[in-house]
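In: Sequence first, then the predicted structure, then my questions.
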Amino acid sequence: MPSGFQNDTNQLQAEMYRATITMSNTTYYPTADTDDNGGVTPSASDSFATLPTTLAKGKARARGNMRFRNVVNRLTGLGDCQIRDITITEANGDAQATSLAFTVAYDRPGLITVSGTSVDGTTAITTTALAVKDAVARGVRDVTVANTRVYDGTNAQDTQMTLTVTTTGATATQTYGTVAVTLIDETTLLD
């Protein structure tokens, strides 16, 4: 048996992917007060100086936050990861986000399963970037019911309530089209 260094899929070879969700199309990401609104956002109501002004706006904010949790759950289902460098375009507690970008870092991307077909039913998952894109799109589309904190702007108070998040107004193909993922080259510096 030869001695010396050997590559192993369990070896740390970090890769980072930049994911972007474009939510400016209000047909795909509705703003009306229903279970499909809220977009995708890591921001809670208290992330803003201007809080949601109504209960409906508070529910939308909470739904967007629930969708972000769904995305994170899907990404961590691929493997241990970190979410970094979140950039979001949203004006205040009433405004639904129009875009969200973040970096996903995997220490062992070689262990991520790269097979199957994406949520749109037509794209073969042949790379890790496509697996990440599919996980993000599936997270956006996940139907979830959760007991969560909602800011009621009408009564100026937080309340705990059960909310349902349904698929946004987009089809699977449209949702998949609003997600973009690119591999970021990474160089490790050692002292």
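Out: Great, that's in hand.
In: now for the helix ranked longest in the chain, which elements pack on it?
Out: In the chain, with assignment by DSSP state H, the single longest helix is helix 55-78. If contacts are counted by 3 or more CB pairs under 8 Å, 6 or more residues apart in numbering; DSSP states H and E, helix 55-78 sits against strand 81-89, strand 99-106, helix 128-141, strand 144-152, strand 157-165. From N, CA and C alone the C-beta is placed, and that goes for glycine too.
In: quick one: the shortest one to helix 128-141, angle?
Out: Think strand 99-106. 130 degrees (axes from the mean of the first three to the mean of the last three CA atoms, to 10 degrees).
In: again with the fourth one
Out: Using the same axes, to 10 degrees, one finds that strand 144-152 and helix 128-141 are set 60 degrees apart in direction.
In: what angle do strand 144-152 and helix 55-78 make?
Out: 140 degrees.
In: what's near enough to touch the residue lying closest to Leu55 once chain neighbours are set aside?
Out: Of all residues not flanking Leu55 in the chain, Asp152 sits nearest, at 4.5 Å (CB to CB, 6 or more residues apart in numbering). Asp152 makes contacts with 54-55, 58, 158-159, as judged by CB atoms under 8 Å, 6 or more residues apart in numbering.
In: do the same with Val143
Out: Val143 neighbours (CB under 8 Å, 6+ apart): 164-167.
In: can you do 10 Å?
Out: 35-36, 70, 164-167 (CB atoms under 10 Å, 6 or more residues apart in numbering).
In: Any of these buried? List them.
Out: By the neighbour-count criterion of 16 or more other CB atoms under 10 Å, the contacts of Val143 include these buried positions: 35-36, 70, 165.
In: List just the nearest of those to Ser45.
Out: Val165 (15.7 Å; CB to CB).
In: surely the closest one meets Arg61?
Out: No. The criterion here is CB atoms under 10 Å, and Val165 misses it with Arg61 at 12.0 Å.
In: shared neighbours of those two, anything?
Out: 37-38.
In: got any ranges where this structure has weak pLDDT?
Out: Scanning the chain for pLDDT under 70 picks out 1-12, 186-191.
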